[in-house]
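Q: sequence and predicted structure below; questions after.
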Amino acid sequence: MSLVRRLAQNAFNDWFKLSGHFPPDLLDEVAALVAAGEQAHRGEVRIAIESRLALGQVLDGMGAHDRAEQVFAHLRVWDTEHNCGVLIYILLAEHRIEVIADRGIAEKVGKDAWIGLCARMRDSFAMKRFGDGLKAGVLEANALLAEHFPDDGTARIDELPDLPIIL
């Protein structure tokens, strides 16, 4: 994608629709799905939604994946007991979804699974079904974590907030 197009998208595209696409009641519903799913595994799912990048970030060449890695570190998704935190990052202006998986889960789930999750979410978003796409992504991430890091019956501490964060 050209720099001019990325600048235009981040300056003008859909950023003002963030609360319409992801209203508080949807975020609460998603938080409940995250919490319920985490009862079946030892991982942590975190969701970050950003309307757009700062124009300086675009000019510096930062892409959605780079920003997702930055958010992953900032939100300390990497800092979980079993190294199986998963960040679902949404950059609304560029219509990008990225999943960053910590090393524990990345060893067991290949990139193709995360790419597929992102594609299915993007397809739902393209049809303006933001809630359905986000909830399906959370359910799929939880299913992958439950398959590879199932609950082992020990007392579980919720290490990260379940409520999606709007950046």
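A: Arrived safely.
Q: where does the protein dip in pLDDT?
A: Scanning the chain for pLDDT under 70 picks out 1, 6-18, 155.
Q: tell me the secondary structure for the nearest residue to Ile157 once chain neighbours are set aside?
A: With sequence-adjacent residues excluded and distances taken as C-beta to C-beta, 6 or more residues apart in numbering, Ile157 is closest to Glu81, at 7.8 Å. Any C-beta I mention is one placed from the backbone N, CA and C, and that applies to glycine too. On the three-state scheme (DSSP: H, G, I helix; E, B strand; the rest coil), Glu81 is labelled coil.
Q: report how many residues lie close to Glu81.
A: Neighbour count for Glu81, taken as other C-beta atoms under 10 Å: 13.
Q: what backbone torsions are found at it?
A: Glu81 adopts backbone torsions of phi -50, psi -40, taken as degrees, to the nearest 10.
Q: which ones are touching it?
A: By C-beta atoms under 8 Å, 6 or more residues apart in numbering, the residues touching Glu81 are 42, 157, 159.
Q: what is the neighbour count of Thr154?
A: Neighbours of Thr154 using other C-beta under 10 Å come to 7.
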